[in-house]
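Asker: No sequence on hand, only this structure:
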C-alpha cells in the first residue's frame, strides 16, 4: 500500500507506553492519557517530592525561625540581646555553638524603620536576614575592621531618607534580621570573660535611626535633598543572661517544620523569597496570606516526606561522601567541611588568595544544594568570614563524625586524637563535642565539652614533649590524661566533633599541617 502522506512519522521516543513500571508502581495510559489510578498515584508522588525538596531547601529559614521562637518563648524579645557572660554551656540547645567566646545574639525588627547598631571593638560578628542570607559582617571582618562601627540596618520597602555618610548602610530583604556575634577572651588575664563582657555592654547600642540627624548635613536640607532633624540618642539594649539557660533553638524534624515554614512565610514579605524556592512549598499550600490547612491525604504524605527529607539532610549534614567533595584532606580522612565546595553563597568555592590578589573560581551558575543543606543542618549563621582563604582573620572549622576506621563515635568507648605541633591558629584553637541528635553541645557532667589552648572555661590542654597535643574523648578520664586534655562522653549517646582554628595560619590552608585522625583506644 502507498504510504499515508497525511501523517507524520512519530518517533517512538516522544510517545508514552501504555504501561510504565516505576518504583511507585505500575503507571497505565490509554494512548497517553493517565488511566485508572495513575493520575492520583502521580499527584500523591508529586506532593511527596515537593515535601522532601521543601524540607531540604528551607532548613535555613526554618532554623532561624526556630531560634527566634526559642528566644520569644524564653522571654527574649526582638531588640533584646542574649549575652553569655560566662560562655555558652551545654544546657542551651544551639546548633554547633562553641564554649570559647562570649556570644551576644539578637533579633531586630526593621518593620517600623531603620535601626542603628553600634558595635564594640574586636568583635567577630555577622548579620543575616531570616533566610540566612548574608547582610553584612561587623568587627574584625567587617567594614569597621575591628575598631567598632555604626551600622544602619534598613528593611524592605523603606523609601524614607537615608544619611549622606557616617554609617555603614546595609539593606535586608526581610523585616527581621539576626545578629550573631562573638568576642574573644584570649587576651584577658586568665582568659576570664569579665573584661570582654564589660566592653560589650558599654559599647553595644541599638536604637531607631533619626532621619535628618547625624549623617545628614545642613546643606542637604537647604538644597532640598533631605530633612533636618535632631540626632538620635544612643541606647543600650536589654541584656539577658544566657549562661546556664536551658532552652531550645533547634528546628523540628517532623511536621512542625512545615508549620514553622508557613509561619515564616506569613511573617515576612513575599518579595523576600526566591520565586522558584517559594514555588516548591506553594505547591503544598504554603503561600503568603493564605491559610495552610493540609487535608488528611496531604498530611499523611508530608509526614512521610519530612521523615525522608530529614534522613537525607542528616546524611548530607553528618557525613562526607567522597562524591560530594566535602573532605578537606586528600586520602582517607574523616575531617571535612561542606563550605569549601560552594562558598558562603553555596555556588562557587571561595577565591584563591595569591600574590597578585584575589583569584575567583569560574562561576558555574548553579547552587550547590547539597552543600547548603549539609552546612545549615548542623550550623548557624553564614558569612564569607567562615569560608575564606585569608590568614589571620576569622575562623576555620573541620568536622569529624567517624573514627580512623570509618565507624561512628560510640559514647561508651575511649578515643584519642593527636594534633601535631604548631597548631595553625594565631588566636587560639579548640575542640568541641556535639550530640548527634541535637547537633548541640554534648550534655554530660562536664558543662563545657571542649578542650583547647584557652584556660577558661576549662583548663588549657597540655602539649607533649614533641610539641603535639593529645586529646582523649571518653566517659571517664584516663589516668595519664591531664584535665584539660580530656572531654567527657555519654555512654548512651553518639557524638561528633568540631576543630576550630581562630585567626588561621598559612599551614592550615596549604595543608602542610594536618589534623590527626581520631583513633579508637578501647
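Answerer: Ah, there it is. Remember, it's a predicted structure, so these values are computed and weren't measured experimentally.

Asker: all contacts plus neighbour counts: C-alpha atoms, from now on.
Answerer: OK.

Asker: Just give me the longest helix of this structure.
Answerer: When the chain is parsed with DSSP state H, its longest helix is helix 296-317.

Asker: Please tell me how far the closest residue to residue 71 other than its chain neighbours sits from residue 54.
Answerer: Setting aside the residues directly before and after it, residue 71 is nearest to residue 77 in space (CA to CA, 6 or more residues apart in numbering), at 6.8 Å. Plainly put, residue 77 is 29 Å away from residue 54 if you go by CA to CA, to the nearest Å.

Asker: Equivalent analysis for residue 136, please.
Answerer: Distance from residue 136 to residue 54, by CA to CA: 27 Å.

Asker: Kindly report the same for residue 211.
Answerer: Taken as CA to CA, the span from residue 211 to residue 54 is 41 Å.

Asker: between these two, who's got more neighbours?
Answerer: residue 54 (25 against 20; other CA atoms under 10 Å).

Asker: check contacts around that one.
Answerer: By CA atoms under 8 Å, 6 or more residues apart in numbering, residue 54 lies in contact with 277, 280, 281.

Asker: Which of these has the largest number of neighbours?
Answerer: residue 281 (23 neighbours).

Asker: Look at the closest residue to it other than its chain neighbours and give its secondary structure.
Answerer: Spatially, and ignoring its direct neighbours in sequence, residue 281 is nearest to residue 54 (5.8 Å; CA to CA, 6+ apart). With DSSP: H, G, I helix; E, B strand; the rest coil as the basis, the three-state label of residue 54 is helix.

Asker: And residue 207, by the same measure?
Answerer: strand.

Asker: That one reaches residue 113, doesn't it?
Answerer: No - under the contact definition of CA atoms under 8 Å, residue 207 does not touch residue 113, with a separation of 10.6 Å.

Asker: Which one of the contacts of residue 54 is nearest to residue 191?
Answerer: Residue 191 has its nearest neighbour among those in residue 277, at 45.0 Å by CA to CA.

Asker: Any regions of the protein where pLDDT drops low?
Answerer: Applying pLDDT under 70 to the chain flags residues 1-5.

Asker: dump the residue contacts of residue 118.
Answerer: Counted by CA under 8 Å, 6+ apart, residue 118 has contacts 148, 149, 150, 151, 203, 204, 205, 206.

Asker: burial measure for the closest residue to the fifth one other than its chain neighbours, as a count.
Answerer: Spelled out, that is residue 203. Counting by CA to CA, 6+ apart, residue 203 lies nearest to residue 120, which is 5.0 Å off, once chain neighbours are set aside. By other CA under 10 Å, the residues close to residue 120 number 25.

Asker: three-state assignment of the residue nearest to residue 71?
Answerer: In three-state terms, and counting by three-state DSSP, residue 77 is coil.

Asker: Can you tell me how far it is from residue 361?
Answerer: Distance, residue 77 to residue 361, using CA to CA: 42 Å.

Asker: Now do the buried residues in stretch 427-440.
Answerer: Within stretch 427-440, the residues that qualify as buried are 427-436, 438-440, counting by 16 or more other CA atoms under 10 Å.

Asker: now stretch 235-245
Answerer: By neighbour count on 16+ other CA under 10 Å, the buried set for stretch 235-245 is 236, 237, 238, 239, 240, 242, 243, 245.

Asker: Strands - which of the residues you listed land there?
Answerer: Of the buried residues of stretch 235-245, the ones assigned to strands by DSSP state E are 239, 240.

Asker: Let me see the contact set for the closest residue to residue 18 other than its chain neighbours.
Answerer: Of all residues not flanking residue 18 in the chain, residue 29 sits nearest, at 4.6 Å (CA to CA, 6+ apart). Counting by CA under 8 Å, 6+ apart, residue 29 touches 16, 17, 18, 19, 35, 38.

Asker: Residue 62 versus the residue nearest in space to the middle of the chain, what's the distance?
Answerer: The residue lying closest to the centre of the chain (CA atoms, centre = their mean) is residue 380, at 2.8 Å. Between residue 380 and residue 62 the computed distance is 11 Å (CA to CA).

Asker: Residue 95 too?
Answerer: For residue 95, the distance to residue 62 equals 13 Å [CA to CA].
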